[in-house]
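*Asks:* build me a model:
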Amino acid sequence: MLCPACKRFILVLNNFRHEKSTQMMFWPKGSLRPPPPPEVPKDLAEDYTESCLVLPDSPKASAALSRRCLQALLRKAAAVKQGNLSNEIEEVLTSGKLPAHIAESLDAVRNIGNFAAHPNKSQTTGEIVTVAAGEAEWNLDILESLFDFYYVQPALTKKRKDALNKKLKDSGKPPIK
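*Replies:* As a prediction, the model looks like this:
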């Protein structure tokens, strides 16, 4: 098919399996996830974007990249003491600074990423535990929440505060604290 906007060629793969049908955009390679906000540092944005791009092909690769992105984010934004990711997550959680809805899901990224990176076996079936697409998407959701918390909202607050302080200064008032 052709893109109705740019008239470029689009190739969509239809997969029919066990009475289920799935579609995947094959060309051009893209993601249905939102791009990272412009406030997110370039290295984190690159890992997040790559994790989004590989998701349809490999939830396992997406989860591993999400785990890597989380560790870099915690070191950069939360200034955790570098160590293993489990300890870094614990440090962030015990700080009490994260909103509950993010804190409750944070360790999921590590665990799902570990399923991607290590051949863990199920205690009941003996089979290697794999990463499901929904789990890899959950990791991306958590990263998006962390981007918003650490980068987007502080930038928005600063912009609003600067605008108000300018207005206060213009009216001869002291700036807000």
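
*Asks:* from now on I want contacts and neighbour counts done on CA atoms only, so please keep to that.
*Replies:* OK.

*Asks:* next SSE downstream of the helix or strand of the chain with the lowest mean pLDDT?
*Replies:* None of the helices or strands of the chain scores lower by mean pLDDT, DSSP states H and E than strand 20-27, at a mean of 69. Next in sequence after strand 20-27, counting helices and strands by DSSP states H and E, comes helix 42-54.

*Asks:* helices and strands around that next one, which ones?
*Replies:* helix 59-77, helix 133-147 (3 or more Cα pairs under 8 Å, 6 or more residues apart in numbering; DSSP states H and E).

*Asks:* looking only at pLDDT, what's the mean for it?
*Replies:* Helix 42-54 shows a mean pLDDT of 95.

*Asks:* in it, what counts as buried?
*Replies:* Across helix 42-54, burial judged by 16 or more other Cα atoms under 10 Å covers 44-54.

*Asks:* quick one, what contacts the one residue sitting closest to the centre of the chain?
*Replies:* Nearest to the mean C-alpha position of the chain, by Cα atoms, centre = their mean, lies L143 at 2.7 Å. Neighbouring residues of L143 by Cα atoms under 8 Å, 6 or more residues apart in numbering: 48, 66, 69-70.

*Asks:* among those residues, which one has the most neighbours?
*Replies:* For those, counting by other Cα atoms under 10 Å, the largest number of neighbours falls to S66: 30 neighbours.

*Asks:* which ones are touching that residue?
*Replies:* 47-48, 51, 109, 113, 136, 139-140, 143.

*Asks:* right, I'll leave it there.
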